[in-house]
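Undergrad: Make a model of this:
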Amino acid sequence: MQLTASNEFNATPPAHLLTQLEQMEDLPSPPDIVTRIIEALKDPDADFHDVVKDLEKDPALSVKLLKTANSAMYARRREVTNLNQALLTMGQAAAATLALSFSLVSSLKDRKSSGIDLKYFWNRSLLTATTARALGDALKHAGKEELFLGGLLQDIGLLVLDKLIPEHYVELGDNMYHHNLVCAHEIKELGVDHAWIGSWLLERWGLPEQICEAARYSHDHAPELGEGPLQQFVDCVSVASHISDVLLTDRRDEAICHVALLMQERLELDKQSTLKILSDVSEQLPEIESQFGMEIVDADEMLTIMDQARKVLTNVSLNAQREIMQLQQQMESLDTKAQSLEEENYTDKLTGLRNRDFMEAQIQEWVKRSRQFGFSVSLAFMDLDGFKAVNDTYCHSAGDEILRRTGKIISDQVRDSDIVARFGGDEFVLLFGAESEENARSVCERVLNAYNNSTHMVDGQQVEVSISIGLATLELSSGLSGDDLINAADEALKHAKQRGKACVVSYADL
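TA: Residues are numbered from 1 along each chain as shown. Here you go, the predicted model:
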């Protein structure tokens, strides 16, 4: 996982895409009440009593504002009983901004989707909004409700592109839940990502500069903004977006350390602040869920996340995590060189995956680093069940096709930083650097399920082929060697075969 994204994420869209956007009939637009609030926020001399009169016409919106004004975040000794008191309690601009957030979600959340999971979209948006506001509190930023709005709208470009090009996100499948893969897909297919589209839309709406810039740079650092409140605002929203992924990802150990580094490098907050921010978000989520009528993260899951974050940030120093990420970047660089300059040495010609030589070198390197910095390394051996019968019954070209399909199925289920290789014959290997046994097992189960749900055809006939998986994890400071890890994964694979095949067996359970 890289600390910064490519500058291409802020590229200007092709002219034809911009023309399509300009001519789009179903472009998301703010309700009249939102437009009036935006105009009031832009005018330093605005009379917010006119805004109050507009808000009073919407009972549901009024109730939400009053409930928020009486929440722990704004609690006063006297109960707030009307909107004028709410504006005094929260501040006029803050109350208006929060009303704008409530109204926008209410008007947009029921839009139909073609390719994106709207529940996931709003969960991630509300998590980012809540976290951005918590970061603002930690940094004593004056506009915490503006940060909430910035976090809420930073992904709104997804809604635009989903309507503009209905088929665009459908082909992503489960990759829709991996934000970096979504952005890479957008750049590849459209020449620009949803961050730029979102910023373009928010500018059309007339929202303040900091809200538009927060959307534009939600995937990256923006040093060109210079030092100051705008830079801090944008960085808060960007870091909050990454923290949301901690709460929603299945690769949480790495993500926790990643956001702790981002908080340190961009916001000068230490790793204890990471725990404090996660704790604050956990406390505020029930109120946010109540206000917006959505279940975002289960309370028990939040407790699990907090426990995991304490463990990860206690056991692995940020300097060690920086080394891990640098190693991952070196691996990605080496992988690129393997594809372009040293294809014959590092690539399996049949499947296009890494080969045995490449994988063995990576295993040794990760094990060495694990001893140095004290993190786990997991390795999975995978072997096809019934493959010999395919070769015997049909021909080797049929077997080769099964191997190619297997490589693709495995690759489609793993994360960017996992390494997949064909070890030889019908044996595949999956390396998880800096990963716990629990998370590695989850990916192995995903591979197993995907393979079980795939149909394998040869000459128009379905053939019965399954996959068995053996998993081993080198625990923190265990002293095991790379060869020990390979042998343990191989032993776990043998037990998977003995237990009836088509299953995952971990060496830890033997």
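Undergrad: Point to the residue nearest the middle of this structure.
TA: D245 (4.0 Å; C-alpha atoms, centre = their mean).
Undergrad: ok, and the closest non-adjacent residue to it?
TA: A255 (5.7 Å; C-beta to C-beta, 6 or more residues apart in numbering). The way it works is simple: take the backbone N, C-alpha and C, and place the C-beta from them, glycine included.
Undergrad: pLDDT score assigned to that neighbour?
TA: Looking at A255, its pLDDT stands at 74.
Undergrad: How is it assigned, secondary-structure-wise?
TA: helix (DSSP: H, G, I helix; E, B strand; the rest coil).
Undergrad: isn't it right next to L248, touching?
TA: No. If you go by C-beta atoms under 8 Å, A255 and L248 don't touch, sitting 9.2 Å apart.
Undergrad: For these two, indicate the residue with more neighbours.
TA: A255 (21 against 18; other C-beta atoms under 10 Å).
Undergrad: And that one, how close does it get to S279?
TA: 17 Å (C-beta to C-beta, to the nearest Å).
Undergrad: cool, A95 as well?
TA: In terms of C-beta to C-beta, A95 sits 26 Å off from S279.
Undergrad: what does S454 give?
TA: S454 is 42 Å from S279, by C-beta to C-beta.
Undergrad: before we move on, what about F381?
TA: 40 Å.
Undergrad: Looking at these two now, which is surrounded by more residues?
TA: Comparing F381 with S279 by neighbour count (other C-beta under 10 Å), the higher total belongs to F381, at 23 against 15.
Undergrad: got a list of what that one touches?
TA: Taking C-beta atoms under 8 Å, 6 or more residues apart in numbering, we find F381 in contact with F423, E427, F428, V429, I469, G470, I486, A489, D490, A492, L493.
Undergrad: Adjacent strands (with direction) for the helix or strand where it lies?
TA: If you go by DSSP states H and E, F381 is part of strand 377-385. Strand 377-385 has the following sheet partners, assigned by DSSP bridges: strand 427-433 (antiparallel), strand 466-474 (antiparallel).
Undergrad: quick one: buried residues of stretch 176-192?
TA: 176-180, 182-187, 190, 192 (16 or more other C-beta atoms under 10 Å).
Undergrad: Now for those: which two are most distant?
TA: Greatest spacing in the buried residues of stretch 176-192, by C-beta to C-beta: Y177 and V192 (21.3 Å).
Undergrad: Ranking helices and strands of this protein by mean pLDDT, which lands last?
TA: helix 318-340 (a mean of 54; mean pLDDT, DSSP states H and E).
Undergrad: In the stretch 251-400 of the chain, where is pLDDT below threshold?
TA: 251, 254, 315-344, 372-374 (pLDDT under 70).
Undergrad: Do I have it right that G407 meets D426?
TA: No. G407 lies out of contact with D426 (C-beta under 8 Å); the separation is 10.7 Å.
Undergrad: can you list the domains in the chain?
TA: 29-108, 111-315, 322-509 (automatic domain parsing).
Undergrad: so which of those comes closest to L21?
TA: Of all these, domain 111-315 comes closest under C-beta to C-beta, at 6.7 Å.
Undergrad: Show me the shaky parts of this protein.
TA: For the chain (pLDDT under 70), the answer is 1-12, 75-77, 221-226, 250-251, 254, 315-344, 372-374, 434, 476-479.
Undergrad: show me where it has strands.
TA: 377-385, 419-424, 427-433, 457-458, 461-462, 466-474, 504-506 (DSSP state E).
Undergrad: on contacts alone, who are the packing partners of the last one?
TA: This points to strand 504-506. On a contact count with 3 or more C-beta pairs under 8 Å, 6 or more residues apart in numbering; DSSP states H and E, strand 504-506 meets helix 437-452, strand 466-474, helix 482-498.
Undergrad: The closest residue to D162 other than its chain neighbours: neighbouring residues, count only.
TA: Excluding the flanking residues, the one nearest D162 by C-beta to C-beta, 6+ apart is I116, at 5.1 Å. Using other C-beta under 10 Å, I116 is surrounded by 20 other residues.
Undergrad: The one 5 residues further on too?
TA: Look at F121: counted by other C-beta under 10 Å, it has 19 neighbours.
Undergrad: Would you confirm that it contacts L158?
TA: Yes. In this structure F121 lies within contact range of L158 using C-beta under 8 Å: 6.2 Å.
Undergrad: Compute the distance between L65 and L55, please.
TA: 7 Å.
Undergrad: can you redo the strands paired with strand 377-385 as TSV with distance to F292 and mean neighbour count?
TA: Output for the strands paired with strand 377-385, formatted as TSV (distance: least, C-beta to C-beta, whole Å; neighbours: other C-beta atoms under 10 Å):
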stretch	distance to F292	mean neighbour count
strand 427-433	36	24
strand 466-474	39	25
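Undergrad: Looking at these, which is nearest to S29?
TA: That would be strand 427-433 among the strands paired with strand 377-385, by C-beta to C-beta, at 45.2 Å.
Undergrad: count of residues packed around D32?
TA: 10.
Undergrad: That one: what's it in contact with?
TA: Taking C-beta under 8 Å, 6+ apart, one finds nothing in contact with D32.
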